[in-house]
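In: Need coordinates for the below:
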Amino acid sequence: MSPVFDVAIVGAGAAGLFCAGIAGQRGLRVLLLDHAPKMAEKIRISGGGRCNFTNRELDPRQPQRHFLSQNPAFCRSALARYTPGDFIALLQRHGVPFEEKHKGQLFCSRSAQDLIELLLRECGAGGVTHWQPCGVRAVHWHDGAPGARYRLETERGAVVAHAVVVATGGLPVPKIGASDWGLRLAQQFGLPIVAPRPALVPLTFEASSWAPFVHLAGLALPVHIATGNKKQGMAFDEDLLFTHRGLSGPAGLQISSYWNPGQPLRIDLHPQAPLEATLLAAKAAGVRKRLPNLLAQQLPQRLCDIWTEHRPDWQRPVSDCSDKALAQLAASLHQWAPTPHGDEGWAKAEVMRGGVDTRQLRSQSMESTQPGLYFIGEVVDVTGWLGGYNFQWAWASAHACALALPQASHCSP
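Out: Residues are numbered from 1 along each chain as shown. Down below sits the predicted model:
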């Protein structure tokens with residue numbers, strides 16, 4: 001006889017571990033499986049090894065402000081019912097120290113391992129059966145079998161379960177075990193997929209167009225960055241990092257989730273104040289400094305040198321520059337519009353944009369239109385901003401699912 005469980009949860013990352021612990025503590029027989037040899041590796045490596053696990057600035061009244069989806073209102077229910085404050089309270093109960101950084105971002109004070117151990121303790125308290133590494137080779141649906149609607153063929157043998165929860169994450173960082181298993185399973189049961197693409201990922205440019213900026217690699221500065229038109233586009237005020245191949249840092253990663261191929265970016269490299277007035281005032285005062293050197297009082301010297309080196313009229317003493325040249329220089333810095341060629345791909349992306357179409361899921365439970373089949377976390381078409389929002393979606397969607405499972409596991413199909 002194959003082992004029988006109320007629910008089999010496939011994927012032991014943030015969403016899967018959290019869902020398993022809650023479901024187990026509610027009295028369900030839970031099997032948690034993951035094919036990866038290392039446990040919760042994405043938690044372990046995130047946030048520089050300290051895991052940015054949530055964000056205080058998420059507004060429960062309109063949480064969809066910080067998330068992308070083709071069905072934007074879908075995430076509201078789960079995020080409003082399980083808030084950052086709820087997860088913070090869990091850490092406090094377990095005595096896990098944490099600290100707040102930039103813009104409401106919360107990190108483990110010591111190590112992400114503290115968070116992994118918390119989740120494992122929650123699973124232990126729920127009597128969760130945890131098989132890892134253990135891949136799932138196939139999932140079969142048995143209509144008309146109230147106690148065991150699904151049969152899973154695993155590397156440790158067959159099991160049966162009333163419900164299956166898919167918490168397999170997205171496609172980023174394949175070297176730690178990311179795969180498209182969850183997307184393929186959704187398609188097996190006729191559920192549509194929103195085309196996946198890398199998000200929170202560095203943007204790249206063609207080598208020839210980026211050649212003038214290669215020597216700026218490692219330079220960072222605060223910018224205002226936008227893409228799309230002013231009515232339907234998106235904008236952020238964050239730090240931008242120049243790389244050998246393009247743009248990264250918080251500004252580059254945030255805007256990458258909204259950028260579409262062929263679109264130019266709109267970047268203000270000095271959003272603090274208009275540069276034209278400063279330059280014209282210096283000219284009126286008879287300042288004899290070379291224009292790049294005067295500009296370096298406002299921006300990094302390396303940027304000023306590279307920005308002005310191919311324009312002879314930007315190499316002169318400020319007092320010798322025409323008003324037109326000064327205005328053009330200021331405009332070029334406030335209205336830089338480079339067009340990326342692409343991005344660094346799944347190897348460098350932090351999350352996946354797209355996934356299982358939420359129009360096929362119930363927002364209260366995360367159950368799909370396929371009875372007893374649930375999808376939570378990153379595999380779903382809900383993508384958060386940089387700064388802990390994606391982990392909060394993992395906790396919230398897992399919580400919504402786990403609370404729905406007891407009722408689902410005792411009803412007939």
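In: mean confidence for stretch 395-403?
Out: Average pLDDT, stretch 395-403: 98.
In: what number of residues lie near residue 72?
Out: Residue 72 has 13 neighbours, counted by other C-beta atoms under 10 Å. From N, CA and C alone the C-beta is placed, and that goes for glycine too.
In: Next: residue 340.
Out: For residue 340, using other C-beta under 10 Å, the count is 24.
In: repeat for residue 322
Out: 11.
In: gap between it and residue 287?
Out: As for residue 322, its distance to residue 287 is 15 Å (criterion: C-beta to C-beta, to the nearest Å).
In: Would you indicate which residues of stretch 271-280 are buried?
Out: Residues 275, 276, 278, 279, 280 are the ones in stretch 271-280 that count as buried (16 or more other C-beta atoms under 10 Å).
In: Does the last one touch residue 324 like I think?
Out: No: checked against C-beta atoms under 8 Å, the pair residue 280 and residue 324 is beyond contact range at 11.0 Å.
In: follow-up on the earlier one: can I get the buried residues of stretch 271-280 in CSV with pLDDT and secondary structure?
Out: Shown next, in CSV, are the buried residues of stretch 271-280 (pLDDT from 0 to 100; DSSP: H, G, I helix; E, B strand; the rest coil):
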residue, pLDDT, secondary structure
275, 97, helix
276, 97, helix
278, 95, helix
279, 97, helix
280, 97, helix
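In: what two of the residues you listed are the furthest from one another?
Out: 275 and 280 (9.5 Å; C-beta to C-beta).
In: Now find how far off-centre stretch 384-393 is within its chain.
Out: Relative to the mean C-alpha coordinate of its chain, stretch 384-393 is positioned 6 Å out (C-alpha atoms, centre = their mean, to the nearest Å).
In: Following the record's annotation, map out the domains of the protein.
Out: Following automatic domain parsing, the chain resolves into domains at 4-198+349-408, 202-344.
In: Return the distance of the shortest one from the chain's centre.
Out: Meaning domain 202-344. Using C-alpha atoms, centre = their mean, the offset of domain 202-344 from its chain centre is 26 Å.
In: Residue most distant from the centroid, the protein?
Out: residue 286 (50.1 Å; C-alpha atoms, centre = their mean).
In: Find the residue closest to that one in space, skipping its chain neighbours.
Out: residue 319 (5.1 Å; C-beta to C-beta, 6 or more residues apart in numbering).
In: check contacts around that neighbour.
Out: 283, 286, 287, 288 (C-beta atoms under 8 Å, 6 or more residues apart in numbering).
In: Spatially nearest residue to residue 52, not counting backbone neighbours?
Out: The nearest residue in space to residue 52 (C-beta to C-beta, 6+ apart) is residue 388, at 4.4 Å.
In: returning to what we had before: point out the most buried one among the domains of the chain.
Out: domain 4-198+349-408 (a mean of 20; mean count of other C-beta atoms under 10 Å).
In: For residue 135, give me phi and psi.
Out: phi -80, psi 160 (degrees, to the nearest 10).
In: and stretch 345-354, average pLDDT?
Out: 97.
In: That stretch: end-to-end distance?
Out: Stretch 345-354 has an end-to-end distance of 14 Å (criterion: C-alpha to C-alpha, to the nearest Å).
In: same deal with stretch 164-172?
Out: By C-alpha to C-alpha, one end of stretch 164-172 lies 23 Å from the other end.
In: Off-centre distance for that stretch?
Out: With C-alpha atoms, centre = their mean, you get 14 Å for stretch 164-172.
In: What secondary structure category should be reported for the residue farthest from the centre of the chain?
Out: The three-state assignment at residue 286 reads coil, by DSSP: H, G, I helix; E, B strand; the rest coil.
In: dump the residue contacts of residue 25.
Out: Residue 25 touches 122, 125, 126, counting by C-beta under 8 Å, 6+ apart.
In: one more time with 7 Å
Out: 125, 126 (C-beta atoms under 7 Å, 6 or more residues apart in numbering).
In: Low-confidence ranges, the stretch 1-150 of the chain, go.
Out: Counting by pLDDT under 70, the ranges of the stretch 1-150 of the chain that qualify are 144-148.
In: Would you map the helices across this protein?
Out: 14-25, 41-45, 76-81, 84-93, 112-125, 181-188, 207-210, 249-256, 275-284, 291-295, 301-308, 323-334, 389-408 (DSSP state H).
In: Please work out which residues outside the longest one touch it.
Out: Helix 389-408 is touched from outside by 7, 14-15, 18-19, 22-23, 26-28, 52-55, 58, 66-67, 75, 78-79, 81-82, 84, 87, 163, 165, 351, 364-367, 372, 374, 376-378, 380, 382, 384, with contacts defined as C-beta under 7 Å, 6+ apart.
In: ok, 6 Å please
Out: Under the criterion C-beta atoms under 6 Å, 6 or more residues apart in numbering, residues 7, 14-15, 18-19, 22-23, 26, 28, 53-55, 58, 66, 78-79, 82, 84, 87, 163, 165, 351, 365-366, 374, 376-377, 382, 384 lie in contact with helix 389-408.
In: Equivalent analysis for the shortest one, please.
Out: By C-beta under 6 Å, 6+ apart, the list of residues contacting helix 207-210 from outside is empty.
In: model confidence over it, on average?
Out: Helix 207-210 shows an average pLDDT of 96 in the prediction.
In: could I get it in CSV with only the CA atoms?
Out: Extracted in CSV, the C-alpha atoms of helix 207-210 (Å, rounded to 0.1, in the frame of the first residue of the first chain):
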residue,chain,number,x,y,z
ALA,A,207,28.9,46.1,-26.6
SER,A,208,29.4,48.9,-29.1
SER,A,209,26.8,51.2,-27.6
TRP,A,210,28.0,50.5,-24.0
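In: Let me see the ranges of the strands in the stretch 101-250 of the chain.
Out: Counting by DSSP state E, counting those that start in this stretch, one finds strands in the stretch 101-250 of the chain at the ranges 105-108, 129-131, 136-141, 150-154, 157-166, 193-199, 203-204, 220-227, 234-242, 246-248.
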